[in-house]
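Enquirer: requesting a structural model of the entry that follows:
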Amino acid sequence: MRSIRHRTDATHYRVLPLDNDKLRLYFSIGRALLEAKQSGGDPFAAIESILPWQVFTDSVTEAEKLAQPVDFDYLPLIGDGFSQLRRYTPSLLESLQLKAAPTARDILEGVELLKSINQHQLRKVSEDAPTSFVRKRWENVVRTEDGFDRRFYEICVLSEMKNSLRSGDIWVQGSRQFKDFEEYLLPIPRFTNQRQRQELGLAVDTDCERFLEERLKILNSELIKTEQLAMQNELSDAVITDSGLNGMALLPASSPE
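Expert: Just a heads-up that it's a prediction; the model follows:
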């Protein structure tokens with residue numbers, strides 16, 4: 001797409017001198033018409049005082065050819081570069097193992113569809129092809145009266161794949177920058193094997209029942225100690241009265257605010 005923009009710009013720069021000549025010509029004609037109106041002169045004679053009428057007619061025709069439509073977009077021109085893309089895109093897609101977040105699943109389905117089309121050497125895109133990622137700007141070139149345009153559908157998928165790779169919604173499997181959360185964890189078979197051999201290197205018991213039983217024993221032991229201290233009125237930083245448990249001030253009364 002970038003090369004297409006460059007070619008469009010190059011074309012624009014080639015016609016720019018012509019545009020400038022036309023602007024200067026029509027400026028002169030416009031000035032002559034204004035003077036003719038102010039003086040009550042013949043406007044047609046005013047034009048012919050600048051250039052012959054036939055030359056003026058030809059210049060209008062040339063200007064019409066140079067003018068681009070109001071909604072001109074270079075996007076339809078990218079189809080000319082499709083054959084160049086086809087030199088490497090099939091191999092590129094086959095070599096990439098892609099993963100996608102839910103927001104980019106349709107784009108990934110589009111990529112898989114392109115792989116299938118390439119493998120089976122199909123010429124057409126099926127009517128049930130995913131299209132939720134096709135932006136409004138692409139709609140007129142991707143879908144035609146005869147169905148999907150193969151060239152523009154493929155280029156659109158590749159363009160959206162590039163955008164999603166940049167945002168992280170799609171990533172290459174094994175990428176160090178973007179990974180599925182599960183890939184950061186120990187594989188389940190390896191975890192199970194290490195747990196059975198007690199080789200996880202954790203500071204706690206990995207058996208849930210034993211862990212809870214141990215923690216309950218510690219809790220009961222501490223509660224018994226607390227009860228004994230409370231009966232002897234020996235709790236630190238707390239006291240039990242008829243109204244219940246009250247915390248004592250941790251700072252002396254003379255402490256600065």
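
Enquirer: quick check, residue 186 in a strand?
Expert: No. Looking at residue 186 with DSSP: H, G, I helix; E, B strand; the rest coil, it is coil, so not inside a strand.

Enquirer: what's the helix or strand for the closest residue to it other than its chain neighbours?
Expert: Counting by Cβ to Cβ, 6 or more residues apart in numbering, residue 194 is the residue found nearest to residue 186 once chain neighbours are left out, at 7.5 Å. Yep, even glycine has a C-beta here, placed from its N, CA and C like the rest. Element membership for residue 194 (DSSP states H and E) is helix 188-196.

Enquirer: and the strands in the protein?
Expert: Using DSSP state E, the strands found in the chain span residues 98-100, 143-144, 147-148, 170-172, 238-241, 244-247.

Enquirer: if you compare those, which one is most tucked away?
Expert: Comparing the strands of the chain by mean neighbour count (mean count of other Cβ atoms under 10 Å), strand 170-172 ranks first with a mean of 20.

Enquirer: got any ranges where the stretch 101-250 of the chain has weak pLDDT?
Expert: 177-180, 247-250 (pLDDT under 70).

Enquirer: related to what we said a few turns ago, quick one: the residue nearest to residue 186 and residue 200 touch, right?
Expert: Yes. The pair residue 194 / residue 200 is scored as a contact, 5.1 Å apart, by Cβ atoms under 8 Å.

Enquirer: what's the separation between the residue nearest to residue 186 and residue 201?
Expert: 8 Å (Cβ to Cβ, to the nearest Å).

Enquirer: more neighbours: which of these two?
Expert: Applying other Cβ atoms under 10 Å to residue 194 and residue 201 shows that residue 194 carries more neighbours, namely 15 against 6.

Enquirer: for residue 43, find the nearest of the strands of the chain.
Expert: Comparison of those against residue 43 by Cβ to Cβ identifies strand 143-144 as nearest, at 46.2 Å.

Enquirer: strand partners of the closest one, parallel vs antiparallel please.
Expert: Paired neighbours of strand 143-144 in the sheet (DSSP bridges): strand 147-148 (antiparallel).

Enquirer: quick one: mean pLDDT over stretch 44-63.
Expert: Averaging pLDDT along stretch 44-63 yields 87.

Enquirer: show me the contact partners of that stretch.
Expert: If you take Cβ atoms under 8 Å, 6 or more residues apart in numbering as the criterion, stretch 44-63 is touched by 18, 22, 25, 26, 28, 29, 32, 33, 35, 36.

Enquirer: returning to that earlier point: save the strands of the chain as JSON lines, and put in distance to residue 124 too.
Expert: Shown next, in JSON lines, are the strands of the chain (distance: least, Cβ to Cβ, whole Å):
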{"stretch": "strand 98-100", "distance to residue 124": "24"}
{"stretch": "strand 143-144", "distance to residue 124": "12"}
{"stretch": "strand 147-148", "distance to residue 124": "7"}
{"stretch": "strand 170-172", "distance to residue 124": "25"}
{"stretch": "strand 238-241", "distance to residue 124": "81"}
{"stretch": "strand 244-247", "distance to residue 124": "79"}
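
Enquirer: so which of those strands is nearest residue 189?
Expert: So among these, strand 98-100 is nearest, using Cβ to Cβ, at 20.8 Å.

Enquirer: list the helices and strands that closest one packs on?
Expert: Contacts defined by 3 or more Cβ pairs under 8 Å, 6 or more residues apart in numbering; DSSP states H and E place strand 98-100 against helix 105-119, strand 170-172.

Enquirer: give me the distance from the first one to the chain's centre.
Expert: Here the centre of helix 105-119 is set off from its chain's centre by 18 Å, with Cα atoms, centre = their mean, to the nearest Å.

Enquirer: equivalent analysis for the shortest one, please.
Expert: Strand 170-172 has its average C-alpha position 12 Å from the chain's average C-alpha position, going by Cα atoms, centre = their mean.

Enquirer: and residue 21, how far is that from residue 93?
Expert: Relative to residue 93, and taking Cβ to Cβ, residue 21 is found at 48 Å.
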